[in-house]
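**Q** Sequence and predicted model, in that order:
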Amino acid sequence: MTVERCSEAFPTKYWHTLDDGRVQCDLCPRFCKLHEGQRGFCFVRARQDDEIVLTTYGRSSGFCVDPIEKKPLNHFLPGTPVLSFGTAGCNLGCRYCQNWDISKSREMDTLADDASPETIAETARRLDCRSVAFTYNDPVIFHEYAIDVAQACRERGVKTVAVTAGEVCPEPRREFYEYMDAVNVDLKAFTDDFYQRNCAGHLQPVLDTIEYIANETDVWIELTTLLIPGENDSPEEIERMTQWVVEHAGPNVPMHFTAFFPAFRMLDIPSTPLKTLQQARKIALQNGVRYAYVGNVDDDEADSGTWCHSCEQLLIGRRGYDITAWHLDEQGCCQRCGARCAGVFEEVPGDWGNKRMPVRLHDLTFEL
């Protein structure tokens, strides 16, 4: 796609020039090859003056304070508020995207808020948010902006969270996760056929990302799979997926099975039955996943409690995003048997609950 010249382009480093004169973006496995003035599939990385630039640095589609469990992260600072934001564009083309108005946006007007990394970090600190989340669209495509925000947050004692589909190349992946504290990876399915037909992507780069984070970093990781009837919800596929997770990422990686609702270009498939989600959770637990959850359903139907893998004591009770019970000691261990619950916990949980608070950064007044 050829577009007008961007006056606020931010230089990037993951690219190289091909013999035919095109410039190849090396950030994600799509490897877009661009002529001057063209944008990549993600729309936000473009060729300008014979290099690849980021056109959305410092611009956001909006900010909101959410519960951390909404990311979803159930084992990372439970009950605390997180300042969430995204930009525009995406490097996948999911036919069922829930945030399609942002991720598929081709309008820079979508980016309503201008915000420097320091402003975001200071806003999170002033609002008593324990973390900042890169979400709504994949932070892989605004790699440089996300890293700068993470560095500014780290200087102020604020954690950072990435919500990602995991489609990223090895070198930028290593750099990116040097600065993240937690991540939820969207493992969309366990077949490459699904990724190609429904997401214009591939499975293997996602598996590589999960293995890398789980085994070679200290970043806390949880996984989410949106189960779509007839597409990725068969017991056989869930068997293979959960067995792979235990073998390659470990039993302590929580898995979230969430309900699909018709959206974007997938309006002809019904919503996910509750029994499908419950069956997936049961399979995960049987295959050795210690923490498995059902989400995106009515609070009374969700399997949202965290249970001790050793003695089956309830460790964290939840109703929606509210913490209703807490049976962990100061070290994050079960108060009954002493077994360690995997995760990042503080002595007491937060009490943010179900609140959602939109934030306009320019309405806030403080000096950096």
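**A** Noted; the coordinates are in hand.

**Q** Every contact and neighbour count from this point should use C-alpha atoms.
**A** OK.

**Q** where does the stretch 101-250 of the chain dip in pLDDT?
**A** For the stretch 101-250 of the chain, the stretches with pLDDT under 70 are 101-113.

**Q** show me where it has helices.
**A** Ranges of helices in the stretch 101-250 of the chain, per DSSP state H, counting those that start in this stretch, are 117-126, 143-155, 170-177, 192-194, 204-216, 235-248.

**Q** Dump those helices to JSON lines, plus mean neighbour count and distance to residue 89.
**A** As requested, those are exported to JSON lines (neighbours: other CA atoms under 10 Å; distance: least, CA to CA, whole Å):
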{"stretch": "helix 117-126", "mean neighbour count": "20", "distance to residue 89": "19"}
{"stretch": "helix 143-155", "mean neighbour count": "20", "distance to residue 89": "13"}
{"stretch": "helix 170-177", "mean neighbour count": "16", "distance to residue 89": "18"}
{"stretch": "helix 192-194", "mean neighbour count": "15", "distance to residue 89": "21"}
{"stretch": "helix 204-216", "mean neighbour count": "18", "distance to residue 89": "19"}
{"stretch": "helix 235-248", "mean neighbour count": "17", "distance to residue 89": "28"}
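
**Q** got the contact list for residue 16?
**A** With contact taken as CA atoms under 8 Å, 6 or more residues apart in numbering, residue 16 is in contact with 23, 24, 25, 26.

**Q** can I assume it sits in a strand?
**A** Yes - per DSSP: H, G, I helix; E, B strand; the rest coil, residue 16 lies within a strand segment.

**Q** And the pLDDT for it?
**A** We have a pLDDT of 98 for residue 16.

**Q** what do you get for residue 62?
**A** 86.

**Q** wait, isn't it in contact with residue 85?
**A** Yes - using CA atoms under 8 Å, residue 62 makes contact with residue 85 at a distance of 5.8 Å.

**Q** Okay, now the unreliable bits of the stretch 251-368 of the chain?
**A** 299, 301, 363-368.

**Q** Show me the one in the contacts of residue 16 that has more neighbours than the rest.
**A** residue 25 (25 neighbours; other CA atoms under 10 Å).

**Q** That one and residue 53 touch, don't they?
**A** No - look at residue 25 against residue 53 with CA under 8 Å: they stay out of range, at 9.7 Å.

**Q** burial of the closest residue to residue 70 other than its chain neighbours, as a residue count?
**A** Distances taken as CA to CA, 6 or more residues apart in numbering place residue 321 nearest to residue 70, at 7.3 Å, with adjacent residues excluded. Look at residue 321: counted by other CA under 10 Å, it has 24 neighbours.

**Q** Okay, residue 321 and residue 342: tell me how far apart.
**A** 19 Å (CA to CA, to the nearest Å).

**Q** swap in residue 122?
**A** Note on residue 122: its distance to residue 342, by CA to CA, is 30 Å.

**Q** For residue 324, give me its contacts.
**A** 316, 317, 318.

**Q** Using neighbour counts, trim those to the buried set.
**A** Listed as buried from these are 316, 317, 318; burial here means 16 or more other CA atoms under 10 Å.

**Q** tell me which of those is nearest to residue 338?
**A** Distances from residue 338 to these, taken as CA to CA, are shortest for residue 316 (14.6 Å).

**Q** Beta-bridge partners for the closest one, please?
**A** residue 306, residue 326 (DSSP bridges).

**Q** ok, now which ones touch it?
**A** For residue 316, the contact set (CA under 8 Å, 6+ apart) comprises 305, 306, 307, 323, 324, 325, 326, 327, 328.

**Q** rerun that using 10 Å as the cut-off
**A** 74-75, 78, 304-308, 323-328, 334, 349 (CA atoms under 10 Å, 6 or more residues apart in numbering).

**Q** Any idea which residue is closest to the centre of the chain?
**A** Nearest to the geometric centre of the chain sits residue 163, at 1.1 Å (CA atoms, centre = their mean).

**Q** So that one is in contact with residue 146, correct?
**A** No - between residue 163 and residue 146 there is no contact under CA atoms under 10 Å: 11.5 Å.

**Q** what about stretch 346-356, start to end distance?
**A** 22 Å.

**Q** Distance from that stretch to the middle of the chain?
**A** Per CA atoms, centre = their mean, to the nearest Å, the displacement of stretch 346-356 from the mean C-alpha position of its chain is 20 Å.

**Q** And the contacts of that stretch?
**A** Against stretch 346-356 from outside (CA under 10 Å, 6+ apart): 64-70, 76-82, 129-130, 316, 318-332.

**Q** where exactly do the strands run in the stretch 201-350 of the chain?
**A** Ranges of strands in the stretch 201-350 of the chain, per DSSP state E, counting those that start in this stretch, are 220-227, 255-259, 292-295, 306-307, 314-319, 322-326.
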